[in-house]
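Enquirer: Fold the following, please.
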Amino acid sequence: MTTGTDTDLWRTKYFASLDRLDEQQLQFRAMEAVLKRLVGRLCTAALGLAPPLDEQIRRLQTAIRRESPADELEKLTPALTEAIGALDHPVPSSPAAMSAPVSPAAPAPSRDALVNDDRVRAILAAVIAELRRDAELAAQVDALDQKLSNALTQHQLPEVLTSLTDLVGKRIRHIERAKQEIEDLLGHMVGKLDEIGEFVAEQHQNQAQSHASTQTLNTQLVGEIKAMGETVDSANDLQQIRQQVRNRMDAIDKHLQEFRQREATFAAAISARSDQMRSRILELEAEATRLQSQLQDEQRASTMDMLTRIPNRQAYDKRVDDELHRLRRFKQATCLAVWDVDHFKRINDTYGHRAGDRVLQVVAECFASRIRSTDFIARYGGEEFVMLLPGTHLEDASRFSERIRAAIAEIGFHFRGSPVSITVSSGVTALLPDDSAGSAFDRADKALYRAKQEGRNRCVTV
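Expert: Purely as a prediction, here's the structure:
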């Protein structure tokens, strides 16, 4: 049966889950705001290219300021796309315009720079990575990611941004729905716990009634026996005594029958209520088990990098704190290695972002397949990985890192028939008792920077 401690534990887990959903909701609303600011800045940068385009851009800016929903933004896309397409087919100037003196003008904005700006791509990639956490949006996210893998044109950019805004809105709605489902389930379970409380109160009441019934029977029996003794003492003949005793015995039998009837009624009521509560408890435990599984899945998803399927930075932050605590307590040697894929931007620019994603997956697979079960590898961010090696001295960690570096350099990776060279660099350091997570990482990161300066595809130990 579920105890009060179990109930408190489940309530804590439910509210923690709701807090996580609130945090995700705020995060995606912040993403939505960033996307809208990005659209606004891109619109400002594109103003002045052509009057028809300026008109459509101003409409889009007005819609964003009004915080119009995604379906209204979608309606603006065809006209905006047509205006952008017209830039590639300018209307010939009239003879009068051709003969008019040409005054110096400011250079036109670079459309390629606008579309291929690395900061824009970084923002879009970060949003895509977060949206991938939603299984219901997987197909739409993959389709959009396919578009982003190639060089974007101004013709494609409005459609991509509108699609991103729509997906972020859907993700927010999904989070709100999950939050509501957990709130409903929590309310449902609290209601059932209240039922159990009522059952316990009824049991107590039934016990009190049973005790009162027993007391009543005892009083009745004592009274009848006392009356029987008084009758015998006052009777004048044997026949009268017999009659009086028979009457008292009949009365006692009646009291016993009434008592048994009351007890049978109480027992039947208690049995029926117990069966009902047993069914409710089984249902409650089943729902609790399902929710526990759901919370565990969400916890795993929140600490898993969706692209490489290895732990993410959040998981690393927790693990490195655990390792530092273990180091201070047990004096166990532990090393930290920070890894970076060499020339990753060049891979993205040459082969596309799909190739870059695949490179990260291949590197992550190589790391994960070569570490021990006690070791830890996570994607720290972008093309950077971080590795924890418990029970390993610095010299051994250096040799181990060299073996992994060499293994990655030997990977025969091809993307769409083209060979892609993959190498990595790393900085390795030993954790110290007075280290914080930040100081240890900074030391390894400086070693990584030295490896980059010294030519890449190497490991540097500090």
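Enquirer: Assign Ser425 to helix, strand or coil.
Expert: strand (DSSP: H, G, I helix; E, B strand; the rest coil).
Enquirer: Can you name the residues that contact Ile411?
Expert: Contact analysis of Ile411 by C-beta atoms under 8 Å, 6 or more residues apart in numbering lists Val362, Cys366, Ile422. Where you see a C-beta, it was placed from the backbone N, CA and C, and this is true even at glycine.
Enquirer: which element is the first one on?
Expert: Val362 is part of helix 353-370 when elements are defined by DSSP states H and E.
Enquirer: Next, the buried residues of that helix.
Expert: 353-360, 362-364, 366-367 (16 or more other C-beta atoms under 10 Å).
Enquirer: Stretch 432-441 now?
Expert: Buried-residue list, stretch 432-441, by 16+ other C-beta under 10 Å: Asp435, Ala437, Ala440, Phe441.
Enquirer: what ranges do the helices span in the stretch 301-450 of the chain?
Expert: 313-330, 344-351, 353-370, 394-409, 437-453 (DSSP state H, counting those that start in this stretch).
Enquirer: which residues in this structure form strands?
Expert: Using DSSP state E, the strands found in the chain span residues 334-341, 376-381, 384-390, 413-415, 418-420, 424-430, 459-461.
Enquirer: for the last one, packing partners?
Expert: To tie it back to what came earlier, the one meant is strand 459-461. Judged by 3 or more C-beta pairs under 8 Å, 6 or more residues apart in numbering; DSSP states H and E, strand 459-461 is in contact with helix 394-409, strand 424-430, helix 437-453.
Enquirer: Would you mind saying which of these lies nearest Pro311?
Expert: Closest to Pro311 of the helices and strands packed on strand 459-461, according to C-beta to C-beta: helix 437-453, at 14.8 Å.
Enquirer: got the angle for that closest one vs strand 424-430?
Expert: 140 degrees (axes from the mean of the first three to the mean of the last three C-alpha atoms, to 10 degrees).
Enquirer: Show me what helix 437-453 is packed up against.
Expert: helix 313-330, strand 334-341, strand 424-430, strand 459-461.
Enquirer: Now it: buried residues?
Expert: For helix 437-453, by 16+ other C-beta under 10 Å, it's Ala437, Ala440, Phe441, Arg443, Ala444, Asp445, Ala447, Leu448, Ala451.
Enquirer: and of the helices of the stretch 301-450 of the chain, who's closest to Arg173?
Expert: Across the helices of the stretch 301-450 of the chain, closest to Arg173 is helix 313-330 (C-beta to C-beta), at 23.9 Å.
Enquirer: Determine the angle, from 0 to 180 degrees, between that closest one and helix 437-453.
Expert: Going by the same axes, to 10 degrees, helix 313-330 makes 110 degrees with helix 437-453.
Enquirer: how about the CA coordinates for helix 313-330, as CSV?
Expert: The C-alpha trace of helix 313-330 is given here as CSV (Å, rounded to 0.1, in the frame of the first residue of the first chain):
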residue,chain,number,x,y,z
ARG,A,313,26.7,19.6,-21.3
GLN,A,314,24.1,19.4,-18.5
ALA,A,315,25.0,15.8,-17.9
TYR,A,316,28.7,16.7,-17.8
ASP,A,317,28.1,19.5,-15.3
LYS,A,318,26.6,17.0,-12.9
ARG,A,319,29.2,14.3,-13.5
VAL,A,320,32.3,16.6,-13.1
ASP,A,321,30.9,17.8,-9.7
ASP,A,322,30.6,14.1,-8.7
GLU,A,323,34.1,13.3,-9.8
LEU,A,324,35.5,16.3,-7.9
HIS,A,325,33.7,15.2,-4.8
ARG,A,326,35.0,11.7,-5.2
LEU,A,327,38.5,13.0,-5.8
ARG,A,328,38.5,15.0,-2.5
ARG,A,329,37.0,12.1,-0.5
PHE,A,330,38.9,9.1,-1.9
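Enquirer: Numbering from 3 from now on, please.
Expert: All right, first residue 3 from here; so that's helix 315-332.
Enquirer: Provide the contact partners of that helix at residue level.
Expert: With C-beta under 8 Å, 6+ apart, helix 315-332 has contacts from 304-306, 313, 334-336, 338, 378, 380-383, 388, 390, 392, 433, 435, 437-439, 442-443.
Enquirer: Name the helix or strand of the chain that has the lowest mean pLDDT.
Expert: Least confident element among the helices and strands of the chain, by mean pLDDT, DSSP states H and E: helix 97-101 (a mean of 43).
Enquirer: can you redo the strands of the chain as JSON lines with distance to Ala271?
Expert: Formatted as JSON lines, the strands of the chain follow (distance: least, C-beta to C-beta, whole Å):
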{"stretch": "strand 336-343", "distance to Ala271": "64"}
{"stretch": "strand 378-383", "distance to Ala271": "58"}
{"stretch": "strand 386-392", "distance to Ala271": "61"}
{"stretch": "strand 415-417", "distance to Ala271": "74"}
{"stretch": "strand 420-422", "distance to Ala271": "76"}
{"stretch": "strand 426-432", "distance to Ala271": "71"}
{"stretch": "strand 461-463", "distance to Ala271": "76"}
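Enquirer: To Arg282, which of the ones you listed lies closest?
Expert: Across these, closest to Arg282 is strand 378-383 (C-beta to C-beta), at 43.3 Å.
Enquirer: ok so, going back, closest to Lys228 out of the helices and strands packed on strand 461-463?
Expert: That would be helix 439-455 among the helices and strands packed on strand 461-463, by C-beta to C-beta, at 84.6 Å.
Enquirer: How far does that closest one sit from its chain's centre?
Expert: Computed by C-alpha atoms, centre = their mean, to the nearest Å, the separation of helix 439-455 from the middle of its chain amounts to 30 Å.
Enquirer: check contacts around Ser212.
Expert: Arg264, Glu265, Phe268.
Enquirer: 7 Å instead, please
Expert: Glu265, Phe268 (C-beta atoms under 7 Å, 6 or more residues apart in numbering).
Enquirer: how close does Arg275 get to Ser438?
Expert: 58 Å (C-beta to C-beta, to the nearest Å).
Enquirer: ditto for Gln148
Expert: Taking C-beta to C-beta, one finds Gln148 at 42 Å from Ser438.
Enquirer: do Ile254 as well
Expert: 84 Å.
Enquirer: now Asp324
Expert: In terms of C-beta to C-beta, Asp324 sits 14 Å off from Ser438.
Enquirer: pLDDT of stretch 399-417, averaged?
Expert: For stretch 399-417, the mean pLDDT works out to 93.
Enquirer: nope, stretch 239-253 is what I meant
Expert: On average, stretch 239-253 scores 76.
Enquirer: Next: stretch 265-280.
Expert: 80.
Enquirer: hang on, the earlier thing: what's the closest of the strands of the chain to Ile349?
Expert: When the strands of the chain are compared (using C-beta to C-beta), the closest one is strand 420-422, at 6.4 Å.
Enquirer: Quick one: residues contacting the closest residue to Ala271 other than its chain neighbours.
Expert: Spatial nearest neighbour of Ala271, chain neighbours left out: Asn208 (6.9 Å); criterion: C-beta to C-beta, 6 or more residues apart in numbering. By C-beta under 7 Å, 6+ apart, Asn208 lies in contact with Phe268, Ala271, Ile272.
Enquirer: Can you give me the neighbour number for the second one?
Expert: Residues lying near Ala271 (other C-beta atoms under 10 Å) number 13.
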